[in-house]
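Participant: Pasting the sequence and the predicted coordinates here, then a few questions.
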Amino acid sequence: MPFFILLAFVIILILLFVGMYNSLVKIRNQVRNAWKQIDVQLKRRHDLIPNLVNAVKGQMEFEKSTLEGVIQARAAAVGAKNMSESIEKEDMLSSALSKLFAVVENYPTLKANESVQPLMEELTTTENQISFARQFYNDITTTFNTKLEIFPTNLFASALGFKLFPLFQVKDAAEREVPTVDLSLQK
C-alpha cells in the first residue's frame, strides 16, 4: 500500500512539473509573438523614415542636425543585435522622430506639403501601432516574468533555460514630465 501512495505522489509531481513547463513554454511563445508584432511595426517605421527624410530634406536645410539625428538613430535601430539592444535603440529613434515631428509642426509649408503630409500620417499611424504593440508586449512579458519568479516555478525555471524578458519603459526624464496646459484667455 505505501508503494502505491508513493507512486501516486510521484505521478502527481511529474504531472504538475509537466503542466508548469508547458505553461511556461506557451507564455514564452506568446512573448516572442508579441515581440515579432513589434518587430513588424518597427520594420514598417524603418522603411518609412528614409522616404520622410528625403521629402523634407530640401525644405529643412537649416534643420540638418535634426535630420541627421533621425538618420543615425534609424541606422542604430536597424543594426540592433538583440532584444535589449533593440529596445534601447528604438527608444533613441522614437526620441529623434519626436524632434522631427516638432520641427515639421513649426513649418506650415512643410506640414502642408503633398509628399510630406501622407508620410507624416503613415508614420504617426505606425508610431501608434508600435505603442499598442509595446503595451501588449509589456503586459504579456510581465505575466511571463511574474510566472518565472513565483514559487514553485522559480525553483526549476532557470535550470530549464527560461529567462526574464526585458520591458519597454520610459527612460527619458523629459517624457515623464506632465505637459503644462494654459487655457486662460489673456489679453
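Facilitator: That came through, no problem. Numbers count the residues shown, from 1 in each chain.
Participant: What's the separation between the residue nearest to Ile49 when sequence neighbours are not counted and Thr109?
Facilitator: Distances taken as C-beta to C-beta, 6 or more residues apart in numbering put Arg74 closest to Ile49, at 5.0 Å, once the chain neighbours are dropped. Heads up, the C-betas are built off the backbone N, CA and C, glycines and all. Counting by C-beta to C-beta, to the nearest Å, the gap from Arg74 to Thr109 is 25 Å.
Participant: returning to what we had before: which ones are touching the residue nearest to Ile49?
Facilitator: 46, 49-50, 93, 96 (C-beta atoms under 8 Å, 6 or more residues apart in numbering).
Participant: and Phe151, which of the three is it?
Facilitator: When classified by DSSP: H, G, I helix; E, B strand; the rest coil, Phe151 comes out as coil.
Participant: Which pLDDT value belongs to it?
Facilitator: Note for Phe151: predicted pLDDT of 91.
Participant: and it, how far is that from Gly79?
Facilitator: Note on Phe151: its distance to Gly79, by C-beta to C-beta, is 40 Å.
Participant: These two - which one has more neighbours?
Facilitator: Gly79 (10 against 6; other C-beta atoms under 10 Å).
Participant: How about the residue nearest the centre of the chain, nearest residue that isn't a chain neighbour?
Facilitator: Geometric centre of the chain, nearest residue: Arg134, 4.1 Å, by C-alpha atoms, centre = their mean. Nearest non-adjacent residue to Arg134, counting by C-beta to C-beta, 6+ apart: Phe168, 4.6 Å away.
Participant: check contacts around that neighbour.
Facilitator: Here Phe168 is in contact with 87, 91, 134, 137-138 (criterion: C-beta under 8 Å, 6+ apart).
Participant: Need phi/psi at it.
Facilitator: phi -80, psi 140 (degrees, to the nearest 10).
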